[in-house]
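**Student:** I would like the atomic coordinates for the input below:
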Amino acid sequence: MPVFRAPDAQTFETHGSRFTAYVAPSRGSRELCSWRLDVPPGLIGAPHRPSREEVLLVLAGSLEVTLDGERAQVCAGDVVLVPADAELQVDGGPAGAAAWVTTTPGLEARLPDGSTIAPPWAS
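**Tutor:** Numbers count the residues shown, from 1 in each chain. Okay, here's the model as predicted:
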């Protein structure tokens, strides 16, 4: 039975946030990628366009999410469905936040300058 223990998770830091990888092809998954996202208080996130749909579940705290120019505050228990190729920006709320993110393998993110990254937490 695949069980992913917290001490075994890989952690990545980028654009001021921490990404803790649990499920990904590099860890045995064929169809899903999932990670914990920790966003510090007041952080202004980097706008990007994910190439795959993402589901973002806020576990604790709050986030300011901008999706294709529409801004919303989301709190613990709220879920944001991010369509593929939508412009997404995730900013930290007053106390920061923790969220769980799920997508599918092959995720890339296009940045405003046209460059793309393949996030290592999703590979």
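**Student:** where is the longest strand in the protein?
**Tutor:** Assignment by DSSP state E gives strand 88-103 as the longest strand of the chain.
**Student:** in that strand, what counts as buried?
**Tutor:** In terms of neighbour count (16 or more other CB atoms under 10 Å), strand 88-103 has its buried residues at 88-93, 96-101, 103. C-beta coordinates here come from the backbone N, C-alpha and C atoms, glycine included.
**Student:** which single one of those residues is nearest to Gly61?
**Tutor:** Proximity of the buried residues of strand 88-103 to Gly61 (CB to CB) peaks at Ala97, which lies at 3.4 Å.
**Student:** wait, that closest one sits on Val39?
**Tutor:** Yes. Counting by CB atoms under 8 Å, Ala97 touches Val39, with 5.1 Å between them.
**Student:** need the residues touching each of those two.
**Tutor:** 61, 63 (CB atoms under 8 Å, 6 or more residues apart in numbering).
**Student:** quick check: pLDDT value at Leu56.
**Tutor:** For Leu56, the pLDDT comes out at 98.
**Student:** oh, I was asking about Met1
**Tutor:** Note on Met1: pLDDT of 86.
**Student:** ok, now the one 5 residues further on?
**Tutor:** Ala6 carries a pLDDT score of 93 in this model.
**Student:** swap in Pro112?
**Tutor:** Listed pLDDT for Pro112 reads 95.
**Student:** cool, and Leu32?
**Tutor:** For Leu32, pLDDT reads 96.
**Student:** give me the phi and psi for it.
**Tutor:** Here is the backbone geometry of Leu32 (degrees, to the nearest 10): phi -140, psi 160.
**Student:** go ahead and confirm it touches Tyr22.
**Tutor:** No. Between Leu32 and Tyr22 there is no contact under CB under 8 Å: 10.0 Å.
**Student:** which of those two has more residues huddled nearby?
**Tutor:** The residue with more neighbours, out of Leu32 and Tyr22, is Tyr22; 19 against 14, by other CB atoms under 10 Å.
**Student:** so that one: helix, strand or coil?
**Tutor:** Under DSSP: H, G, I helix; E, B strand; the rest coil, Tyr22 falls in the strand class.
**Student:** who does the spatially most central residue of the chain form a beta bridge with?
**Tutor:** Per CA atoms, centre = their mean, the C-alpha nearest to the average position across the chain is that of Val101, at 5.0 Å. Counting by DSSP bridges, Val101 is bridged to Trp35, Leu56.
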